[in-house]
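Novice: Sequence plus the predicted model coming up.
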Protein chains: 2
Amino acid sequence: MKKSVKKSKLSWEEIAEFCETLTEAEDALTREMVSRISDKWSLWTMSVVADIDEPMRFSRIMEHVEGISQKSLTKTLRGLERDGLITRKVFAEVPPRVEYTITALGSEMLDNVAPLWLWTAKSVQRFQACRAAFDDRGVQPARK
Amino acid sequence: MKKSVKKSKLSWEEIAEFCETLTEAEDALTREMVSRISDKWSLWTMSVVADIDEPMRFSRIMEHVEGISQKSLTKTLRGLERDGLITRKVFAEVPPRVEYTITALGSEMLDNVAPLWLWTAKSVQRFQACRAAFDDRGVQPARK
DNA sequence: TTCATTAGTTACCTTTAGGTATGTACGGGA
DNA sequence: TCCCGTACATACCTAAAGGTAACTAATGAA
């Protein structure tokens, strides 16, 4: 056996319990922040800004986040700035220069997402197998 | 200073490195699975199915996942079944009975999502503060 | 014969994410 | 005087998520 299957210390009941201490607005924001994790560009953008040591300019970020459009990058960066995950510094130059850096909150978030991402990546063949099996057998109809 | 800023053991470079061993299809599926985590209903539905010990019927799930429509619940459950996160058992009865249970893979996923969710919930006031500050100061324009 | 029950399915609509293509403001260099 | 380079903003379009409301299939009960 590869490893013993251990019940996690952290149950969802515990989480639900904690979430009930939150206001409705806080609960909604929690969901919003979690969904930011899996929107198409936010996490990738953050990791690009975080991984490279020098402050990153708009155009350099766009080179690294392959496939993103200007519009989406602008929107993504604004959202990340608003939530305190990155900082945006404008220099009064021509042509304009804007530098982005990760914040402490941002890298804390990345640290918390990382294990989940890695687990998902390492489990991907299992998911593939389940999908293949499902697509083979089809859906069992609810009526005879 | 509140706490020393510590580099996490699990860097994104490490993750990127691992992800490069994946095929393109596997990489795409990884992203898809991560985004499942934050779609509107999947995680909530999973946690409902997981937290209650008895197998759950369609209508009982719908009672617990407040606000979900029949259509969305059906779609969500199908997706979860396809990915091997829950099982669906149809009984040849009238009126129909269908029971859903969490799989080992499903609860493993929940276990991996839990810490992130809890961290997010516990950080929510910080996010709120950042947003408030941003909305106060407005966006710094890139040109003078 | 008609009804109630369960787990859907289907048609239709609105909202949102995200793409492409184009416009813009500024000043330095040719 | 006109073009270059940067970091956007804006208009327009498409696809997909997700909501509501109505329909369905089978059968035991009234």
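Specialist: Happy to help now that I have it.
Novice: So what's the predicted local confidence for the closest residue to A:Val139 other than its chain neighbours?
Specialist: Once flanking residues are discounted, A:Val139 sits nearest to B:Arg78: 7.0 Å by CB to CB, 6 or more residues apart in numbering or on different chains. Heads up, the C-betas are built off the backbone N, CA and C, glycines and all. Per-residue confidence (pLDDT) for B:Arg78: 97.
Novice: from memory B:Arg78 sits against A:Gln140, does it?
Specialist: No - using CB atoms under 8 Å, B:Arg78 is not in contact with A:Gln140, being 11.0 Å away.
Novice: between the two, which one's more packed in?
Specialist: For B:Arg78 versus A:Gln140, the count of surrounding residues by other CB atoms under 10 Å in any protein chain shown is larger for B:Arg78: 14 against 10.
Novice: gap between the more buried one and A:Ser107?
Specialist: Noted for B:Arg78: a distance of 37 Å to A:Ser107, by CB to CB, to the nearest Å.
Novice: can you give me the strands in chain A?
Specialist: Under the criterion DSSP state E, chain A contains strands at A:56-57, A:86-91, A:97-102.
Novice: Helices of chain A, start to end?
Specialist: A:12-19, A:24-37, A:42-51, A:58-64, A:70-82, A:104-122, A:124-137 (DSSP state H).
Novice: List the buried residues in the second one.
Specialist: Within helix A:24-37, the residues that count as buried by 16 or more other CB atoms under 10 Å in any protein chain shown are A:Leu29, A:Thr30, A:Arg31, A:Met33, A:Val34, A:Arg36, A:Ile37.
Novice: for the most centrally placed residue in chain A, what are its contacts?
Specialist: For chain A, the residue nearest the mean C-alpha position is A:Ile37 (2.3 Å; CA atoms, centre = their mean). A:Ile37 sits next to A:Leu43, A:Met109, A:Val113, B:Val34, B:Ile37, B:Ser38, B:Leu116 when contact means CB atoms under 8 Å, 6 or more residues apart in numbering or on different chains.
Novice: Would you mind confirming that the fourth one makes contact with A:Leu116?
Specialist: Pointing back at B:Val34 there. Yes - taking contacts as CB under 8 Å, B:Val34 lies within contact range of A:Leu116: 7.3 Å.
Novice: near DNA strand C, which residues of chain A show up?
Specialist: Contact residues, chain A versus DNA strand C (CB under 7 Å from any atom of the strand): A:39-41, A:67-72, A:75, A:94-96, A:139, A:142.
Novice: Could you check the pLDDT of A:Trp41?
Specialist: In this prediction, A:Trp41 carries a pLDDT score of 94.
Novice: hang on, I meant A:Lys122
Specialist: Predicted confidence (pLDDT) for A:Lys122: 96.
Novice: correct me, but it touches B:Phe18?
Specialist: Yes - with contacts counted by CB under 8 Å, A:Lys122 reaches B:Phe18, the gap being 7.5 Å.
Novice: Rebuild the strands of chain A as CSV, extending it with mean pLDDT, distance to A:Ala129 and mean neighbour count.
Specialist: Shown next, in CSV, are those (pLDDT from 0 to 100; distance: least, CB to CB, whole Å; neighbours: other CB atoms under 10 Å in any protein chain shown):
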stretch, mean pLDDT, distance to A:Ala129, mean neighbour count
strand A:56-57, 98, 39, 20
strand A:86-91, 97, 38, 16
strand A:97-102, 98, 36, 18
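Novice: can I get those in CSV with distance to chain B?
Specialist: Formatted as CSV, those follow (distance: least, CB to the nearest CB, whole Å):
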stretch, distance to chain B
strand A:56-57, 11
strand A:86-91, 5
strand A:97-102, 6
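Novice: show me where pLDDT drops low in chain A?
Specialist: Chain A contains residues with pLDDT under 70 at A:1-9, A:144.
Novice: what do you get if the cut-off is 80, keeping everything else the same?
Specialist: Chain A contains residues with pLDDT under 80 at A:1-13, A:38, A:143-144.
Novice: Spatially, and excluding backbone neighbours, which residue is closest to A:Pro141.
Specialist: Closest to A:Pro141 by CB to CB, 6+ apart is B:Val90, at 7.3 Å.
Novice: Now for that neighbour: which residues touch it?
Specialist: Counting by CB under 8 Å, 6+ apart, B:Val90 has contacts A:Gln140, A:Pro141, A:Ala142, B:Pro96, B:Arg97, B:Val98.
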